[in-house]
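J.: what would the 3D arrangement of this be:
(one chain, ligands or ions: 1)
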Amino acid sequence: MKKADLISALKNNGIVPGSKLVVHSSYKSIDFEGSPEEVCKSFMEAISEEGLLVMPAHSPIVKGTPFNPGRTPSAVGAITEAFRRLPRVSRSLHPSHSVAAWGRGAKELTAGHQLVDAEGEGSPFFKFSQTDGKILMLGCTLRACTMGHVAEWVAKVPHLGVPFSAAFTPTAEYIDDDGKVKTYVYQTYPGCSKMFDKAIPWLKEAGFLKEISLNKETSLLVDAAGFVKIVYDKLKEDSAALLTDSEEHFAKCSHCREARRLAVKKP
Ligand SMILES: [Zn+2]
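T.: Numbering: from 1, shown residues only. Predicted coordinates:
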């Protein structure tokens, strides 16, 4: 698939100039004839500067090396790494869960992320959930969908305070706009997203998710506000609603074990 094919496939799926779109992606899945940067440019052309293009640019915390928005690579795929490097792309300053955005409202979306919870109120994904935007899971599933953590945060599930792994420290450093190294303190942690695909049938039934294909891959196109609404309702019924049913996963995931121990159900 070439750039023009991608743009027209996006258009056929309602992604047009002015659209607001979060993209989670697998570069390999779409068999694209061009670099990851060209994929980003295709998206930019498809939605235009009147639209808003958002991607995660998450990165692991490296002790002794503060997060540097201009230098720290994105660890969530080749397309996201190419995107955060492009001119006029804003990147938020959260030390582990930074977000990159381009287009109308990109600066406002990414601003202040270092002052709030990674996926809490005021974070880029939280702000996006209050728009009429969509989430495209390009060749990947909801296991990669950060919006699940927003829903968990809004529902105040009891496992928000459980670090993803034992290696996760409650503080991390980042380089602020003024060039100074600052310390971020975690109040909550985005947890394990291994079983977020459990939300697929819920969202499908509610009309907020459809399976699409831009090339040969399977992608999901999800309504962002609808996602949070539906998943919030499920988590309010049972805070473990998005956890695995597999003992095999519990055996190897301390986060999920702790989340299960803390789980609350509506009586
Ligand atoms: Zn887990």
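J.: check which residues of the helix or strand encompassing Ser8 are buried.
T.: Per DSSP states H and E: Ser8 is located in helix 3-12. Neighbour-count burial for helix 3-12 flags 3, 6-7, 9-10 (criterion: 16 or more other Cβ atoms under 10 Å). Where C-beta positions appear, they are placed from N, C-alpha and C, glycine not excepted.
J.: can you pull out the residues in contact with it?
T.: If you take Cβ atoms under 8 Å, 6 or more residues apart in numbering as the criterion, helix 3-12 is touched by 1, 16, 30, 32, 34, 38-39, 41-43, 45-46, 214-215.
J.: re earlier: format the buried residues of helix 3-12 as CSV; extra columns: distance to the ion and pLDDT.
T.: CSV is the format used below for the buried residues of helix 3-12 (distance: Cβ to the ion, whole Å; pLDDT from 0 to 100):
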residue, distance to the ion, pLDDT
Lys3, 38, 97
Leu6, 33, 98
Ile7, 37, 98
Ala9, 33, 98
Leu10, 33, 98
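J.: nearest to Leu21, of these?
T.: Checking those against Leu21 with Cβ to Cβ, the nearest one is Leu10 at 8.7 Å.
J.: from Ser98, how far off is the closest one?
T.: 25 Å (Cβ to Cβ, to the nearest Å).
J.: equivalent analysis for Lys41, please.
T.: 21 Å.
J.: compare neighbour counts for these two and give me the winner.
T.: Set side by side, Lys41 and Ser98 show more neighbours around Ser98, with 24 against 18, by other Cβ atoms under 10 Å.
J.: apart from its chain neighbours, what residue comes closest to Ala46?
T.: Leaving aside its sequence neighbours, Ala46 sits nearest to Leu10 (Cβ to Cβ, 6 or more residues apart in numbering; 4.3 Å).
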